[in-house]
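Student: model the following, please.
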Amino acid sequence: MNLVNGDVVFLRNGAPAVVKNVDQSSGKVVLDDDLAKVQQQSEKGLKNHLDEKQRASYNVHLQSVEGDSKQEEIRNLYETILFLKDSRQVDPKVLRYLENELMHRMHRDDYTPPNYQVDMRNLPQY
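Tutor: Next up is the predicted model:
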């Protein structure tokens, strides 16, 4: 498992911690189990395996979709994802994390944007 500084991990006893430093050559990992730092790092979901630049991009896109209601935020996030796919102006890994966030919000709030499109090839066949 490749760890990146800022990843949230869970220890043997189930307690969360944030990766402070990873030394790839020796395999040593320094963790910070301060709950405030863990909460700050996981405020908008777990963003494990994203480097600092990717995390910043992810956070900027999430902040840009904030609205007055959760349904408006879901619609805004979906429109942002469509724009980013068409423009190819974002790291594909960040785009996957944004798509996962959209799925999470749609499921949590039981709401699907009216213009939401599903690729028929991805639907299960019964």
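
Student: pull the longest strand from this protein.
Tutor: In the chain, taking DSSP state E as the definition, the longest strand is strand 16-23.

Student: buried ones in the helix or strand just after that strand?
Tutor: The helix or strand immediately downstream of strand 16-23 is strand 28-32, counting by DSSP states H and E. Within strand 28-32, the residues that qualify as buried are 29, 31, counting by 16 or more other Cβ atoms under 10 Å. C-beta: built from backbone N, CA, C; applies to glycine.

Student: now do the helices in the chain.
Tutor: If DSSP state H is used as the criterion, the helices of the chain fall at 35-41, 52-64, 70-87, 92-109.

Student: ok, which of the ones you listed comes nearest Tyr126?
Tutor: helix 92-109 (20.8 Å; Cβ to Cβ).

Student: what about this protein, any weak spots by pLDDT?
Tutor: Residue ranges of the chain with pLDDT under 70: 1, 44, 122-123.

Student: can you list the domains in it?
Tutor: Following automatic domain parsing, one finds the domains of the chain at 8-41, 52-109.

Student: redo those as a markdown table? Include distance to Pro124.
Tutor: A markdown table is the format used below for the domains of the chain (distance: least, Cβ to Cβ, whole Å):
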| stretch | distance to Pro124 |
| --- | --- |
| domain 8-41 | 31 |
| domain 52-109 | 16 |
